[in-house]
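K.L.:
A structural model of the following input is requested.
(2 chains)
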Amino acid sequence: MASVFAVLALAAATFWLEAPALIRQKQFRELVIFLVLLLAGSALYSALMLQVKLPNPFMFIKWMYAWTGGTSTM
Amino acid sequence: MSIYKNSKISVRQFCILIMIGTVGDSILVMPTITAVSSKQDAWLSMLLAFIGGLITGGLFAAIANKLQRVSLYEAIRQRLGVWFGGFFFLLFLFASFMCCLTLLSEMIQFMTTQLMPETPVTAIIIFFAAVIIIAYRYGIESYARMGELLFPVFMGLFVMLVVFLLPQVDWPNVQPIMAKGFFSIISGAYPAYCTGFVEMAVLLMLVPYVTGKGKLTKPILTGFTVGGMVLFLVVLLSVLVLGPSLMETKYYPTFVLAQKIMIGHFFERIEAVMAFLWVITVFYKTLLHFFTITTGLAQVFQLKESKMLTIPLGMILLVGTVVGTPNIVVYNVILIEYYPWFDITFFLALPIVFLILLLAIKKKQQKTQQPPQQQPQQPQQN
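P.N.:
Residues are numbered from 1 along each chain as shown, chains lettered A, B, ... in the order given. I've put the predicted structure just below:
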């Protein structure tokens, strides 16, 4: 659980580092994209720390190209 | 993207970035990839991949010249519109994201199996990703200059590796030549070509930052040639010194090569120094792909800044890397069997589509521009 708090602290620190300048310069589009990515990153990182089973991104590639049978069948 | 708005890199720096990027992770994995299929003919596979790489370099150069220092996204958007063009470009960014994951995976696997077996994987990724994020935030000019500075170090270490291994060369290791036929050579060349050369499609993202208006064919082809030569020599030395059996079974034959260096029982165990050589190349290739993702996202969403995306993207990459690498065996099967197809689709087929678009739309513009140019001339002729 401590590691999840560490992730949240990192996310908060990143927000504190980046957001004020974006708000001051009225870059709201930048702020929205930043927040979306930060939330996604924090959620995924927290899930990893909580040992939630996440899908393997490389399995997507294997699924995508299963029809080729792999390069060894060349 | 204000930090990069006025950033410029010289043609020489562009060329060096391509050289280092081409060597990239291939210096570590290439001998194994080629030896799996072609055994002692791995050097022939690498030679074939090198020739293919030069042709691909020519293709990328054609696209880079057509771009005329306009960003890749801008060029696509002008021809396909925001939505369709954005979709195509996001596919390219997705490919770069996946490539970043493979590079980080290879880095942590190498570090945990060879250099720091007891260090947690997450710690290694955090430090490696932190350096990439910091480099990105300093700007393209800074890391292009750093590349210029590190390139002689890289070449020096590489020459040292080659020269010190020459006494251990065993020529019978390459025999029999083409014993398993030409298809096994092609089978070995295919993943080598994809990993070494096709993934360098990201060089197209650097084009707007290169100074001058001249053609970029020469720096791109020089970069591919030098990078390809380095990779060819690494594979050839692996065959000659280690032999096909060791190449195939060892995950990092280049590291084993460095361990083999032994001059007069006083100059040995320099593999940790040599490790610096591939840390530089993997770092630069990862940085180029990270640059593509971050800058590309900023372009698609029309953001004025991109550096605030670096830490969240770093977090996502960290999770993807840890989840994507359950163990080295599963990862290597996917890397050798399926990943080349992914590379071909997103880093070769997609740029070919981009080139066709660039050529086709230009023709359309020429056709539409012709009538107004001819109209004033017609009364003069009459």
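
K.L.:
Next, the buried residues of the lowest-mean-pLDDT helix or strand in chain A.
P.N.:
Every helix and strand of chain A was ranked by mean pLDDT, DSSP states H and E. The lowest is helix A:57-64, at a mean of 88. For helix A:57-64, the neighbour count (16 or more other C-beta atoms under 10 Å in any protein chain shown) marks A:57-58, A:61-62 as buried. For every residue, glycine as well, the C-beta is placed using N, CA and C.

K.L.:
filter those down to the ones near chain B?
P.N.:
Counting by C-beta under 8 Å from any C-beta of the partner chain, A:57-58, A:61-62 from the buried residues of helix A:57-64 sit close to chain B.

K.L.:
which one among those residues gets closest to residue B:66?
P.N.:
Closest approach between these and residue B:66, by C-beta to C-beta: residue A:61, at 29.6 Å.

K.L.:
hmm, stretch B:341-355 touching chain A?
P.N.:
Yes: counting by C-beta under 8 Å from any C-beta, chain A is contacted by stretch B:341-355 at B:341-342.

K.L.:
Outside of that stretch itself, list whatever touches it.
P.N.:
Contact with stretch B:341-355 is made by A:61, A:64-65, A:68, A:71, B:56, B:59-60, B:62-63, B:66, B:72, B:75-76, B:88, B:91-92, B:94-95, B:98-99, B:194-195, B:198-201, B:204, as judged by C-beta atoms under 8 Å, 6 or more residues apart in numbering or on different chains.

K.L.:
near chain A, which residues of the stretch 201-350 of chain B show up?
P.N.:
So the stretch 201-350 of chain B meets chain A at B:297, B:301-305, B:308-309, B:311-316, B:318-320, B:322-324, B:326, B:331, B:334, B:336-342 (C-beta under 8 Å from any C-beta).

K.L.:
Can you select the buried ones from those residues in ChimeraX?
P.N.:
Typed into ChimeraX, the line below selects the buried ones among those, using 16+ other C-beta under 10 Å:
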select /B:297,303,305,308,309,311,312,313,314,315,316,318,319,320,322,323,324,331,334,336,337,338,339,340,341,342
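
K.L.:
returning to what we had before: list the helices and strands the least confident helix or strand of chain A packs on?
P.N.:
Counting contacts by 3 or more C-beta pairs under 8 Å, 6 or more residues apart in numbering or on different chains; DSSP states H and E, helix A:57-64 is packed against helix B:72-110, helix B:310-324, helix B:328-337, helix B:339-343.

K.L.:
Ranked by average pLDDT, which of the ones you listed falls at the bottom?
P.N.:
The stretch with the lowest mean pLDDT among the helices and strands packed on helix A:57-64 is helix B:328-337, at a mean of 81.

K.L.:
what angle do it and helix B:72-110 make?
P.N.:
140 degrees (axes from the mean of the first three to the mean of the last three C-alpha atoms, to 10 degrees).

K.L.:
Output helix B:328-337 in CSV, but only the C-alpha positions, please.
P.N.:
The C-alpha trace of helix B:328-337 is given here as CSV (Å, rounded to 0.1, in the frame of the first residue of the first chain):
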residue,chain,number,x,y,z
ILE,B,328,13.1,-13.3,-21.2
VAL,B,329,11.9,-16.5,-23.0
VAL,B,330,8.4,-15.3,-23.7
TYR,B,331,9.7,-11.9,-24.7
ASN,B,332,12.3,-13.3,-27.1
VAL,B,333,9.8,-15.6,-28.8
ILE,B,334,7.5,-12.6,-29.5
LEU,B,335,10.5,-10.4,-30.5
ILE,B,336,11.9,-12.9,-33.1
GLU,B,337,8.6,-14.5,-34.3
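
K.L.:
Enumerate every residue touching residue 64.
P.N.:
I went with chain A, as the question did not name one. Counting by C-beta under 8 Å, 6+ apart, residue A:64 touches B:338, B:341-342.

K.L.:
could you do chain B instead?
P.N.:
Counting by C-beta under 8 Å, 6+ apart, residue B:64 touches B:203-204, B:207, B:216-217, B:220.

K.L.:
before we move on, what about residue B:204?
P.N.:
Going by C-beta under 8 Å, 6+ apart, residue B:204 touches B:60, B:63-64, B:67, B:72, B:351, B:354.

K.L.:
So which of those are in helices?
P.N.:
Here DSSP state H is the test, and the contacts of residue B:204 give B:60, B:63-64, B:67, B:72, B:351, B:354 as lying in helices.

K.L.:
Any chance of the residues you listed in TSV with distance to residue B:130 as columns?
P.N.:
Output for the ones in helices among the contacts of residue B:204, formatted as TSV (distance: C-beta to C-beta, whole Å):
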residue	distance to residue B:130
B:60	30
B:63	33
B:64	31
B:67	32
B:72	28
B:351	31
B:354	33
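
K.L.:
between those, which is closest to chain A?
P.N.:
residue B:351 (18.8 Å; C-beta to the nearest C-beta).

K.L.:
now the residue nearest the centre of chain B: how far from chain A?
P.N.:
In chain B, the centroid-proximal residue (C-alpha atoms, centre = their mean) is residue B:200; its distance is 3.9 Å. Using C-beta to the nearest C-beta, to the nearest Å, residue B:200 is found at 19 Å from chain A.

K.L.:
where does the chain have low pLDDT?
P.N.:
Defaulting to chain A. For chain A, the stretches with pLDDT under 70 are A:70-74.

K.L.:
was after chain B, sorry
P.N.:
B:1-6, B:362-382.

K.L.:
just the strands in it please.
P.N.:
B:262-263, B:267-268 (DSSP state E).

K.L.:
any idea how far the last one is from the chain center?
P.N.:
It stands for strand B:267-268. 32 Å (C-alpha atoms, centre = their mean, to the nearest Å).

K.L.:
Who does that strand pair with, and is each partner parallel or antiparallel?
P.N.:
Paired neighbours of strand B:267-268 in the sheet (DSSP bridges): strand B:262-263 (antiparallel).

K.L.:
circling back to that earlier point, which ChimeraX command selects the buried ones in the ones in helices among the contacts of residue B:204?
P.N.:
Buried members of the ones in helices among the contacts of residue B:204, defined by 16+ other C-beta under 10 Å, are picked up in ChimeraX with:
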select /B:60,63,64,67,72,351,354
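
K.L.:
Among the ones in helices among the contacts of residue B:204, which one sits closest to residue B:133?
P.N.:
Each of those was checked against residue B:133 using C-beta to C-beta; the closest is residue B:72, at 22.6 Å.

K.L.:
Surely that closest one and residue B:209 touch.
P.N.:
No: assessed by C-beta atoms under 8 Å, residue B:72 is found out of contact with residue B:209, at 11.9 Å.
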